[in-house]
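S.K.: Please work out how this folds:
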Amino acid sequence: MERYALAKERVCEIKEEKAVQMPYLDFFQKTAAFLEKNVEIMDGVVFLGETREPRKLADAADLSIDEWKELNRDLYADILPENYKNSYGNPVYACEKLGEYGKDFSFLYAELRGIVVYAFEKRLWDITVLLELFLEVYGAFAQEEIPTEEELRGILNSYANDYCQDMIEYRTRECVDPELDFAAKIIMNSDFSDLRYLYLFGECITENELGVAAFLNGLSQEEIDSCARTYTEGYRLGFVNGHKDLSKKKTVNIRYNLGFERMVKAAVLQFEEMGLKPVIYRYPTHAVNRRGSYRIGYTGAVANPQFDYDHRQDGALFLDQDFVQKRLRALQTSYEKYKELAYVHAGPACIEVFGEAPFSPVSVKEAWQFSDAQQKLEIEMQNEAGQITNRYIKGDERSFTIIAYPVPEIGGDYEEIFRQIVKINTLDYQLYQKIQQTLIDTLDTAEWVSVKGKGANETDLRIHLHTLTDPAKQSNFENCVADVNIPVGEVFTSPVLSGTDGLLHVSQVYLEGLQFRDLKLEFKDGKIASYSCGNFENEEENKKYIEDNILFHHPTLPMGEFAIGTNTTAYVAAKKYNIADKLPILIAEKMGPHFAVGDTCYSWSEDTAMYNPDGKEIIARDNEISILRKEDISKAYFGCHTDITIPYDELGSICVPGKNGEKISIIEDGRFVLAGTEELNKPFEE
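M.R.: Got it, this is the predicted structure:
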């Protein structure tokens, strides 16, 4: 408290001072004013309007909805797309204004922006260390001789290293401890008819979050409970079908986008019936904890996807061998400290959203980027971190579920689309189970599967399947019904890498919100041998885009999964509402054959026997890389699994060879032709 009081007093003085020379003074004055706004929120007061009269800020009712909107916009205005070209959060602008110091100041600004959410959560320590970091840099530039760029980087580097243990420990705890219930309290105690509650999270709130909450308010409690039950029952079935004991678990991690609180509250109550308490944590905000631009945890709107993308590799400022060892030691000691909580954690239950305007990032040289050596260190660090996590939250004892819903930005038919997605999420799984078993019965007679595109799609792949030593009791493909992976609609396997060859090509696909145009991956013995896309004019930029966002800096990745999606209802709905480019991979992967690069679907739980509803064991849980865990676990996993779907309208054929060498067709010209699967073509006809 003493450190905080001293730091905030000093920061509040800076916006009026001129002790620092230009051009650096502008950064410090603007940033000090931004920090002061958040310190005020931390202290439970806010100044609004031209009069700047203090207003109490204890709960949602203290401000009108318009005042909340004004405050929320003020907190995020600087990085919004319309203002970003003049923001120090933009590394291009920062370098233009501050020269060689630009990248460092842009890193600092991005780190300091975390104060917004810390102020709402009243996280005193986090705010204090941010204020002290800002003051340390200010003090260095207030000297007669300003620091060199190397000295400035040293200050920022020391910050990351000095506080690594504290940041990792808190992050580890909030991932497993239901007592850290900032979000849960808002969810369980708010009056959802008063949309002001959304602003209490401190996240960026747009018409999407407000629109979803308002729409859900118009549904009956029965409809809300039904949506929640689809999600929670899928989670429960994940344990049942995986032969895992849910009764040993006490917590579940709920990840979602703001606006869905009414559904989440219903889910919390249903999870409690299973003996599970909610763990609801925000996506990581400290650079020490972030991994790329992915938001793992609950989140509001992404104020500007380009800002997140520009800062996805900010860790390049401090990532070296010493930091890697320090971070891994911190993770190990943190899990050891909270091991009892970790052991009873059941895994994540995720509600994803889709419908936002597609985002194609701009790659800028001014942003921090990992060197080749750092890319290798990052891979090693994430690999080891995955192993540490798996020792405490065991892969063969945990499960997950994922479901997705649209946001209003998807278009004028939002309510109709939402109800259509509810229908898709609740399709008759018994019907699909029967049809998919017909597919599996044919696939299990073959050693190879051939997949070819049509028209401009150049896909030409041969997939090698495992040998079934006892076909009466074994299967290569999992019959995927609506449990962990909602909606229903796929059969999938882990291919044999040796002999899996050819070209995978899609004209357009969105992966983790990023658009890829004319994406081509060439496979040799099941591993990516070459790659290209058409996002940028420069071939080198295209390759780097794939390396950053599909390969994740691995020199290559294996084909961890081959699947045939069967959810033609989803495909037709996507065409009807013209939303194919906005669907999440969760739904898109069910709309044609898809191929995942990275780990298999069974990573970390390959030794757990899996069975289809017909009682056959799914034996294709390993490939030549994942099996290396038995010799050297560091060589077995990549920490990524990216699904890439060929839509039906780009699909020429999927076939297998018959016993006498004849071709047995499963799909021809984008339609199911195998006897017993005709029902899947009905949505096309309708």
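S.K.: name the helices or strands packed onto the helix or strand hosting residue 561?
M.R.: Residue 561 is part of strand 559-565 when elements are defined by DSSP states H and E. Packing partners of strand 559-565 (3 or more C-beta pairs under 8 Å, 6 or more residues apart in numbering; DSSP states H and E): strand 490-493, strand 593-598, strand 641-645. C-beta coordinates here come from the backbone N, C-alpha and C atoms, glycine included.
S.K.: so which of those gets nearest residue 243?
M.R.: Distance to residue 243, taken as C-beta to C-beta, is lowest for strand 490-493 among those, at 18.3 Å.
S.K.: And the next helix or strand past the closest one?
M.R.: strand 496-511.
S.K.: show me where pLDDT drops low in the stretch 401-550 of the chain?
M.R.: 482 (pLDDT under 70).
S.K.: So which residues of it form strands?
M.R.: 401-406, 448-453, 460-464, 474-475, 478-480, 490-493, 496-511, 514-524, 527-532 (DSSP state E, counting those that start in this stretch).
S.K.: Would you quantify the distance from the nearest residue to residue 21 once chain neighbours are set aside to residue 117?
M.R.: Distance criterion C-beta to C-beta, 6 or more residues apart in numbering; nearest residue to residue 21, sequence neighbours excluded, is residue 146 at 7.3 Å. Look at residue 146 and residue 117: by C-beta to C-beta, to the nearest Å, they are 31 Å apart.
S.K.: Which of those two has more residues huddled nearby?
M.R.: residue 117 (20 against 15; other C-beta atoms under 10 Å).
S.K.: Next, the more buried one: secondary structure please.
M.R.: Under DSSP: H, G, I helix; E, B strand; the rest coil, the three-state class of residue 117 is helix.
S.K.: For the closest residue to it other than its chain neighbours, give me the backbone phi and psi.
M.R.: Of all residues not flanking residue 117 in the chain, residue 202 sits nearest, at 4.5 Å (C-beta to C-beta, 6+ apart). Main-chain dihedrals, residue 202, degrees, to the nearest 10: phi 80, psi 0.
S.K.: Pull the number of nearby residues for the residue lying closest to residue 458 once chain neighbours are set aside.
M.R.: Excluding its sequence neighbours, the residue lying closest to residue 458 (C-beta to C-beta, 6+ apart) is residue 505, at 4.4 Å. Residues lying near residue 505 (other C-beta under 10 Å) number 21.
S.K.: For residue 505, name its beta-bridge partners.
M.R.: residue 520 (DSSP bridges).
S.K.: wait, it sits on residue 523?
M.R.: No: counting by C-beta atoms under 8 Å, residue 505 sits too far from residue 523 to count as a contact (11.5 Å).
S.K.: name the helices or strands packed onto the worst-scoring helix or strand of the chain on mean pLDDT?
M.R.: Every helix and strand in the chain was compared by mean pLDDT, DSSP states H and E; the lowest is helix 585-588, with a mean of 85. Under the contact definition 3+ C-beta pairs under 8 Å, 6+ apart, helix 585-588 sits against strand 401-406, strand 496-511, helix 568-576, strand 641-645.
S.K.: deepest of the ones you listed, which one?
M.R.: With neighbours defined as mean count of other C-beta atoms under 10 Å, these peak in mean count at strand 401-406, which reaches a mean of 24.
S.K.: Check which helices and strands that strand sits against.
M.R.: Strand 401-406 packs on helix 221-241, strand 345-354, helix 414-425, helix 585-588, going by 3+ C-beta pairs under 8 Å, 6+ apart.
S.K.: mind redoing it with 10 Å?
M.R.: When contacts are defined as 3 or more C-beta pairs under 10 Å, 6 or more residues apart in numbering; DSSP states H and E, strand 401-406 sits against helix 207-217, helix 221-241, strand 345-354, helix 414-425, helix 585-588.
S.K.: To residue 35, which of the ones you listed lies closest?
M.R.: It's helix 207-217; of those, that one is closest to residue 35 (C-beta to C-beta) at 25.3 Å.
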